[in-house]
Structures are given as structure tokens and as C-alpha cells.
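Asker: I would like the atomic coordinates for the input below:
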Amino acid sequence: MDYKRLGHTDERVPDIGIGTWKIPNDSKAAIDVIQYGIDDGATLVDTAEMYANEELIGKAIRGKDVFIATKVSPNHFRHDDVIKACNASIKRLGVKSIDLYQLHWPNHNVPIKETMSAMEALMNDGKIRHIGVSNFSISEMLDAQDALKSAEIASNQVEYSIFSREIEQEVLPFCQRSHISVIAYSPLARGKLSQEGSGAVFDTLENIAAKHSKSVAQIALNYLISEDNVIAIPKASSIEHMKDNINASGWKLSKADREEISNTSGERPSPLAGPTLQKLLKNTSFWAALMEKAEKRRKEKRQK
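Answerer: The predicted structure is shown next:
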């Protein structure tokens, strides 16, 4: 497993971590898979309060030496709500502090200065070690950084895969210049690259995979982590998938291979949240209302 510096910090984290989106909170099988990954070097584990599985992640990481990352939902971006949400995540995860605490989508209805003030207070109190953001544009990252007094943004978690490369145009170069790590979620295109496919992109990946005796998924992941500041957090549904993900690290595609992949055209699925949905989530109260309803449903379910 190769390690990379996290943003501007002295922290070293594996370039292949573990994503946990859509892992149910009662999945005992997932605990075994996550623990296998941690023991094999994938010690960066990412979750979020929105995923409603922090209790399960807490069980999986108990007694393990891990770098735990989680996210605060946009409906909790008011100062006191950030503090409460962080304390709740710490309790659910069963940890003393959170290594990387991230803002899960921007919320333009709450002043970023208020939110970042709370994040910095959590850092000063030892509740969190590093501050990150997720799904932030360049201007949103700049505003968030300007709102901090002394801390610096360590990372931006964004969708990035062979089939979703929009960040290569502006966000990735900016993060590289600014020493901000890019944490790639859905790096296997929501499972598309873990399965057999057809078309020019798959043909190219399969040819390069055969040349290197690797899987298509490993080629796709290595394409991402070949960038100096990119860390990928694929999800694995089985130990076999976890092994495959981890073995995407420890070697590098050649420049020629990367260029061949980059220049291949073909059908690309739309990002998880396209431009229209992103504007809706960032500029209205829709996202906050959605999260509040989801939280209410989870509470009602636990009470039954």
C-alpha cells in the first residue's frame, strides 16, 4: 500500500481507503470486510452522519489503528448544530476524536463563517484533527478557507472516476496547486467498473489490464491515484472485492497508459449529482429539509 500526505498536513494516509456509503447499519458481513481491509493496509475509513451507519463503522474499527473520516450534514451547519453533530458522531463511532471532519455538501443558507467557526472550535478542543469539505467548487473552497482563522482545509471529497472526470478541468488542478487532497468517492463509477462492460472505454481498460495482469477495476483506481494528491475510497461488498481494491495500490500506470485512458471516448454516465441538482442542493433549503426528514424517519425506526 502506498501512502500520501493529507493536504498541507504531516499526516500520511493510504491512497486506497474504504468508502461506506449505502452500507446498512446492521450489516454484520460488512464488519468483516472492513476489518479485512484495515488489516491489509486500507486504514482510511470514510463515513458520514447522513449514511446512518456510524455505529456499525465504530464496531468495525474498534481496537484498530485507523484514520477515521466522517461528515456533518448540511442541515447541521449552524454553529451549535455542528458541535452537537460532531459529539454525536464521536459517540456513535466510539472514538475520542475524529481524524478528518468534513462538510457534506455546501449549504448557502448558512454563512460559511459560522460553520467554519464551529469547525475550528472543534479542532481547538481536540474533538477533530483536520478539517475537510465535500462537493465544494473552487469558489466555495476559497470562501471556506477565508473563513478560518488559523486552520487550513486538508481535503475536498468529490465524485471522481474514469466515467466522471469533470474535476480534471478545474477543481483537481486547483487542489494540486493549493496542496488540498482530493478524496475520490464512487471511484468505480457506482459499481460500473467492477462489472463486465462494453464500449471503447472498457476495451481500453481491458487491454491495459491484460498487459499488466490486473483487473479493470484496479486499472480504473490506479488511474486516479496516479495523481499525486488523489486518494480513492471505493466500497467493497466482499473480501474478494476488498482485495481487488487494495491491490490497485503499490504500482503505477505508465504515462502512455494514462494518456490512452484519458483520450478514450465513449458513453459516460452522468455524475451522482448533476449541475441542476447541485444548484438545488447548494442554493435552497431542499437539502436541509431532506436530511431532517431522513433523520426523523431513522429516529422513528429506532423507537419501534
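Asker: what is the mean pLDDT for stretch 206-216?
Answerer: The pLDDT scores in stretch 206-216 average 94.
Asker: where exactly do the strands run in this structure?
Answerer: 3-5, 12-14, 18-19, 44-46, 67-72, 98-104, 128-134, 153-159, 181-185, 230-232 (DSSP state E).
Asker: what lies in contact with the shortest one?
Answerer: Okay, so that is strand 18-19. Applying C-beta atoms under 8 Å, 6 or more residues apart in numbering, the external contacts of strand 18-19 come out as 34, 37-38, 42, 44-46, 185-186, 233-236, 242. Placement of C-beta: from N, CA and C, glycine included.
Asker: and the residues you listed, which two are the farthest apart?
Answerer: Farthest pair in the contacts of strand 18-19 (C-beta to C-beta) is 38 and 186. Separation: 20.9 Å.
Asker: mind checking how far residue 174 is from residue 135?
Answerer: Between residue 174 and residue 135 the distance is 14 Å, computed by C-beta to C-beta, to the nearest Å.
Asker: thinking again about what came up before, could you dump the strands of the chain to a markdown table with mean neighbour count, mean pLDDT and distance to residue 260?
Answerer: As requested, the strands of the chain are arranged in a markdown table below (neighbours: other C-beta atoms under 10 Å; pLDDT from 0 to 100; distance: least, C-beta to C-beta, whole Å):
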| stretch | mean neighbour count | mean pLDDT | distance to residue 260 |
| --- | --- | --- | --- |
| strand 3-5 | 16 | 97 | 24 |
| strand 12-14 | 20 | 98 | 26 |
| strand 18-19 | 26 | 98 | 27 |
| strand 44-46 | 26 | 98 | 29 |
| strand 67-72 | 26 | 98 | 33 |
| strand 98-104 | 25 | 97 | 33 |
| strand 128-134 | 24 | 98 | 31 |
| strand 153-159 | 25 | 97 | 23 |
| strand 181-185 | 25 | 98 | 20 |
| strand 230-232 | 25 | 98 | 19 |
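Asker: hey, what's the residue nearest to residue 48 when sequence neighbours are not counted bridged with?
Answerer: Spatial nearest neighbour of residue 48, chain neighbours left out: residue 71 (3.8 Å); criterion: C-beta to C-beta, 6 or more residues apart in numbering. Per DSSP bridges, the residues bridged to residue 71 are residue 102.
Asker: show me what contacts residue 260?
Answerer: Neighbouring residues of residue 260 by C-beta under 8 Å, 6+ apart: 204, 208.
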